[in-house]
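Participant: model the following, please.
(chains A and B)
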Amino acid sequence: MSQQILKVRPTKIELVNLKRRLSLSERVQKIVKDRLSILTMEFLQAAREAVEAREKLMKDFDAAYKALSVASGYHGYIALEKEMVAAGTGLKVDSSWRNIAGVRVPSFEMEEGKKEGRAYSMVDTSSLVDEAGRLFEECLKSVAGLAEAQRSLELLGMEINRSKRTANALEHIIIPGLRVTISYLKMKFEERDREEKGRLKRVKMLVARE
Amino acid sequence: MVAGIRYEKLLQECLKEELRIVNSGMPQSRKKLSELLCEARPYVPCHDGSKHFFKKQEIAYLAALLDASEREALLLPVIIMLEVGRGTMLIPCGEGVVEEKIISHVLGMPAACDAGIIRLYRPQLAVIRKKLKTTTQYAFSHSSGVVGV
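Facilitator: Predicted coordinates for the structure are as follows:
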């Protein structure tokens, strides 16, 4: 692909500016490439984690619903629902941010404070309900883990796309354009020098003839 | 010509922004592990004004590995320096005893601290980042110093 020469004035100052711009662009290109490789590594890790979190979530929900089904079979739907209406949970999720090579990704963590007793009657229920409750709490932790991995994956993916565009623009358009313009200006100056030399020789000859 | 100059200016701004972004998450100051253990929501302020939060699980994991004096010596987040263009990854550490202990434990193999620097390979970096997500932080460095800060 032929590169377009930038429209600049053919002056030495412009040449110096272009050289400075080229060195900045090359420096940025190296940084963007390194950042891209780090982001890709983090993205792959986040993808692996998301898959693991999804599998864990499915297993947890499977176990929790099985336990709930056993509990509801033992106590009956109506009785269980009556107990569950009053039951509340004191679970809290800490949401915060962390920075991965300039990308801010969310971080969720279940707060594990002191657990108060369950809000339902201990007389009318059995350990089956406790077990179902415990398993559903595990499910909530898995949901938080999956949310974190999934959102990190999306944000890292978007940033990788953006960085790739920048890296490609630098590699295929900006840097070659600057190089071509610099070489064009150098040729122009050399040509000017040659013309100047020729002119001087001619003047010297004319002066010598007189 | 005017449009060209405007475009060039915009381009320069974009490139400078790229430099600024890469190290925006660098912490302004690091905190001791013992300090972070006492905080309800442990964090450090970053250069861009945001906060970098630590996971309590990770802090507890590190605390379990170290004794009281080592907890005083360990500064978090642990900085992983990436040398731009060379592809080398380093963990700068003063005397490096605590960092060396942690890295060795996480990797499951001895990590030698040579002249205040622990050198890492890419697969090792992935293992460290998997286990210490919030307690480690990347820093892109150039021969002229840390980029964009």
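Participant: drop to CA atoms for contacts and neighbour counts, all remaining ones
Facilitator: Noted.
Participant: assign a three-state SS to A:V105, would you?
Facilitator: Following DSSP: H, G, I helix; E, B strand; the rest coil, we place A:V105 in the strand state.
Participant: tell me where chain B has helices.
Facilitator: Remark: helices assigned in chain B by DSSP state H are B:2-22, B:33-38, B:56-65, B:68-73, B:97-107, B:122-131.
Participant: got the CA positions of the fifth one in PDB?
Facilitator: Once non-C-alpha atoms are left out, helix B:97-107 reads as follows in PDB (Å, rounded to 0.1, in the frame of the first residue of the first chain):
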ATOM      1  CA  VAL B  97      12.800 -11.100  51.300                       C
ATOM      2  CA  VAL B  98       9.000 -10.800  51.800                       C
ATOM      3  CA  GLU B  99       8.200 -10.400  48.100                       C
ATOM      4  CA  GLU B 100      10.500 -13.400  47.300                       C
ATOM      5  CA  LYS B 101       8.700 -15.500  49.900                       C
ATOM      6  CA  ILE B 102       5.200 -14.600  48.500                       C
ATOM      7  CA  ILE B 103       6.100 -15.100  44.800                       C
ATOM      8  CA  SER B 104       7.900 -18.400  45.600                       C
ATOM      9  CA  HIS B 105       4.800 -19.600  47.400                       C
ATOM     10  CA  VAL B 106       2.400 -18.500  44.700                       C
ATOM     11  CA  LEU B 107       4.500 -20.000  41.900                       C
END
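Participant: and the contacts of it?
Facilitator: The contact list for helix B:97-107 (Cα atoms under 8 Å, 6 or more residues apart in numbering or on different chains) reads B:62, B:65-66, B:70, B:73-74, B:93, B:110-113, B:118, B:124, B:127-128, B:131.
Participant: off-centre distance for the lowest-mean-pLDDT helix or strand in chain A?
Facilitator: Using mean pLDDT, DSSP states H and E, the weakest-scoring helix or strand in chain A turns out to be helix A:77-86, at a mean of 73. A distance of 45 Å separates the centroid of the chain from that of helix A:77-86, by Cα atoms, centre = their mean, to the nearest Å.
Participant: please apply the same query to stretch A:202-210.
Facilitator: 71 Å.
Participant: what does stretch A:7-21 give?
Facilitator: Centroid separation for stretch A:7-21 versus its chain: 36 Å, with Cα atoms, centre = their mean.
Participant: average pLDDT across it?
Facilitator: The average of the pLDDT scores along stretch A:7-21 is 86.
Participant: could you see whether chain B lies near the helix or strand hosting A:M58?
Facilitator: Here A:M58, judged by DSSP states H and E, is contained in helix A:12-75. Yes. Contact of helix A:12-75 with chain B (Cα under 8 Å from any Cα of the partner chain) involves A:21, A:24-25, A:28, A:30-32, A:34-35, A:41-42, A:45.
Participant: tell me the contacts of the residue lying closest to A:S152 once chain neighbours are set aside?
Facilitator: Spatially, and ignoring its direct neighbours in sequence, A:S152 is nearest to A:V105 (5.4 Å; Cα to Cα, 6 or more residues apart in numbering or on different chains). For A:V105, the contact set (Cα under 8 Å, 6+ apart) comprises A:97-99, A:151-152, A:155.
Participant: low pLDDT regions in the chain?
Facilitator: No chain specified, so I'll use chain A. Within chain A, the stretches with pLDDT under 70 are A:1-2, A:86-90, A:112-125.
Participant: not quite, I wanted chain B
Facilitator: B:1-8, B:11, B:87, B:95-96, B:143-149.
Participant: show me which residues of it sit near chain A.
Facilitator: Proximity of chain B to chain A, by Cα under 8 Å from any Cα, involves residues B:1, B:4, B:12, B:15, B:18-19, B:21-25, B:51-55, B:84-85, B:87, B:126, B:130, B:134, B:137-140.
Participant: how near is the residue nearest to A:S152 to B:K133?
Facilitator: 11 Å (Cα to Cα, to the nearest Å).
Participant: A:S23 now?
Facilitator: A:S23 is 34 Å from B:K133, by Cα to Cα.
Participant: who has more neighbours out of the two?
Facilitator: Applying other Cα atoms under 10 Å in any protein chain shown to A:S23 and B:K133 shows that B:K133 carries more neighbours, namely 18 against 13.
Participant: how many residues are close by the closest residue to B:I118 other than its chain neighbours?
Facilitator: Leaving aside its chain neighbours, B:I118 sits nearest to B:I91 (5.0 Å; criterion: Cα to Cα, 6+ apart). Look at B:I91: counted by other Cα under 10 Å, it has 23 neighbours.
Participant: same thing with B:S24?
Facilitator: Neighbours around B:S24, by other Cα under 10 Å: 24.
Participant: phi and psi next, for it.
Facilitator: With angles defined as degrees, to the nearest 10, B:S24 sits at phi -70, psi -30.
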